[in-house]
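Undergrad: structure of the sequence below:
(one chain, ligands or ions: 2)
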Amino acid sequence: MTVSNVAGCGLQKGFTEVYRGTQLVINLLPKVKLEIVVKDAKVDDVVQIISRISRTGSVGDGKIFIYPVEQAIRIRTGETGDDAI
Ligand SMILES: Nc1ncnc2c1ncn2[C@@H]1O[C@H](COP(=O)(O)OP(=O)(O)OP(=O)(O)O)[C@@H](O)[C@H]1O
Ligand SMILES: [Mg+2]
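TA: Numbers count the residues shown, from 1 in each chain. Ligands and ions are numbered 1, 2, ... in the order given. Prediction:
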């Protein structure tokens, strides 16, 4: 998997705070982005596990977006498709 420190906002569009007397509108909050490429048969399991461990029930728990990957290639061996995952 790939883990990245990113900035983002969801429906709450960040929050507003006062810093040294100046009102700051902070729209981007620090978030962690996971990118995980899995075989089709594993998608449901991975979604369930991430949902279970990430859910606090509060706003900002995050989202899971699912999209297809055209191809995967392990550079070292030349393997492609599921063999490269
Ligand atoms: N539509 C979107 N497109 C791209 N990234 C998104 C989108 N919605 C959320 N994100 C990313 O997910 C992070 C977490 O979003 P968040 O869980 O706050 O979504 P939400 O829609 O506000 O839901 P909630 O009401 O549970 O907070 C955001 O900071 C942003 O990085
Ligand atoms: Mg939110």
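Undergrad: contacting residues for Gln71?
TA: 80-81 (CB atoms under 8 Å, 6 or more residues apart in numbering). In short, each C-beta sits where N, CA and C put it, glycine included.
Undergrad: and what of Ile64?
TA: Counted by CB under 8 Å, 6+ apart, Ile64 has contacts 47, 50-51.
Undergrad: on the pLDDT front, check it for me.
TA: pLDDT recorded at Ile64 is 98.
Undergrad: so it is in which element?
TA: For Ile64, there is no enclosing helix or strand under DSSP states H and E.
Undergrad: how near is it to Thr80?
TA: Separation of Ile64 from Thr80 (CB to CB, to the nearest Å): 26 Å.
Undergrad: again, but for Arg74
TA: Distance from Arg74 to Thr80, by CB to CB: 8 Å.
Undergrad: near ligand 1, which residues of this structure show up?
TA: Near ligand 1, the residues belonging to the chain are 8-12, 29, 31, 59-63 when assessed by CB under 6 Å from any ligand atom.
Undergrad: centroid residue for this protein?
TA: Lys33 (3.5 Å; CA atoms, centre = their mean).
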